[in-house]
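J.: attaching a predicted model along with its sequence, questions to come.
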Amino acid sequence: QVQLVESGGGLVQAGASLRLSCVASRRFFGKYAMGWFRQAPGKEREFVASISWSAGSTEYADSVKGRFTISRDNAKNTVYLLMNSLKPEDTAVYYCAAGPSLTAGLTSPNYWGQGTQVTVSS
């Protein structure tokens, strides 16, 4: 079993930046994509960004393209999400996820983190 632990959330003002980190408890066996989802109060969980096992490809939700950047360091079993130009509508609990995939596609994650709160004030 792999555990995912997120960190880096917090309270910031609109326009600020945050970097989220997610560390896996051990190396994945096989090719695993990793990514981020978020859930705002009263809304369903939504996809934010994902990255392939080799870091060769990435995918982003339209709402964060050009503002967020996902990256990973397989030597550290870690995936990052750099969030720039944050908006109040980015306020949510951000969840790290991982699932087997040859691409950046993360349609059925089988590992989830506990989440980290990001709050953006206007």
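T.: Cool, got the structure.

J.: going forward, measure contacts and count neighbours with C-alpha atoms only.
T.: Will do.

J.: right, and Leu20 touches Gly10 too?
T.: No. Leu20 lies out of contact with Gly10 (CA atoms under 8 Å); the separation is 9.6 Å.

J.: of these two, which one has the most company?
T.: Between Leu20 and Gly10, Leu20 has the larger neighbour count (other CA atoms under 10 Å), namely 21 against 14.

J.: for that one, list each beta-bridge partner.
T.: Leu81 (DSSP bridges).

J.: from Val64, how far out is it?
T.: Taking CA to CA, to the nearest Å as the measure, Leu20 falls 14 Å from Val64.

J.: what does Asn77 give?
T.: Taken as CA to CA, the span from Asn77 to Val64 is 24 Å.

J.: pLDDT wise, what is Ala104 at?
T.: For Ala104, the pLDDT comes out at 87.

J.: if you could redo that for Ser122, that was the one I meant.
T.: On pLDDT, Ser122 comes in at 94.

J.: with Gly56 instead?
T.: On the pLDDT scale, Gly56 gets 90.

J.: contacts only, for Tyr32.
T.: By CA atoms under 8 Å, 6 or more residues apart in numbering, Tyr32 lies in contact with Ser52, Trp53, Ala98, Gly99, Pro100, Ser101, Leu102.
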